[in-house]
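Undergrad: coordinates only, no sequence provided:
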C-alpha cells in the first residue's frame, strides 16, 4: 500500500534524467520507440533552459509519473 505521495518540479540534471527514464518506460509500455540519445540530450537541455516545465510524481520515494507543461500562445 502506498504510504507517501509527492509531486516535485524537475529542476536539476538528475531530475530530468529521471523524467527521461519515465518517458522511456511509457514508450515501451505503449510499444513505441523510446527517445534516442539525441532526443534524451534535447529533453534534458530544453528542460534545464526552461523551454518547458516538468513535474515528477513519487510514491514512497520511487518515481511513478510525470507531467510536462509548456507555454503556447495564440491570437485565435
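TA: Looks like it came in fine. All figures in this text were calculated on a predicted structure; none of them were measured in a lab.
Undergrad: hey, where'd the helices end up in the chain?
TA: Applying DSSP state H to the chain gives helices spanning 13-29, 37-48.
Undergrad: how about the ones you listed in TSV, adding mean neighbour count, mean pLDDT and distance to residue 1?
TA: Where C-beta positions appear, they are placed from N, C-alpha and C, glycine not excepted. Converted to TSV, the helices of the chain look like this (neighbours: other CB atoms under 10 Å; pLDDT from 0 to 100; distance: least, CB to CB, whole Å):
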stretch	mean neighbour count	mean pLDDT	distance to residue 1
helix 13-29	15	97	22
helix 37-48	14	96	32
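Undergrad: could you dump the ones you listed to CSV with distance to residue 60?
TA: Shown next, in CSV, are the helices of the chain (distance: least, CB to CB, whole Å):
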stretch, distance to residue 60
helix 13-29, 15
helix 37-48, 25
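Undergrad: which stretch among those comes nearest residue 61?
TA: helix 13-29 (11.8 Å; CB to CB).
Undergrad: and the angle from that closest one to helix 37-48?
TA: For helix 13-29 against helix 37-48, the angle by axes from the mean of the first three to the mean of the last three CA atoms, to 10 degrees is 130 degrees.
Undergrad: show me what helix 13-29 packs onto, helices and strands only.
TA: Counting contacts by 3 or more CB pairs under 8 Å, 6 or more residues apart in numbering; DSSP states H and E, helix 13-29 packs against helix 37-48, strand 53-59, strand 62-69.
Undergrad: residue contacts, the spatially most central residue of the chain?
TA: Centroid check for the chain by CA atoms, centre = their mean gives residue 19 as the closest residue, at 3.2 Å. Going by CB atoms under 8 Å, 6 or more residues apart in numbering, residue 19 touches 10, 43, 47, 54, 56, 66.
Undergrad: which one of those residues is nearest residue 35?
TA: Comparing the contacts of residue 19 against residue 35 with CB to CB places residue 43 closest, at 6.5 Å.
Undergrad: rewinding a little: can you tell which of the helices and strands packed on helix 13-29 is closest to residue 30?
TA: Within the helices and strands packed on helix 13-29, the stretch nearest residue 30 is strand 62-69; the backing value is 14.3 Å (CB to CB).
Undergrad: fine by me, we can end here.
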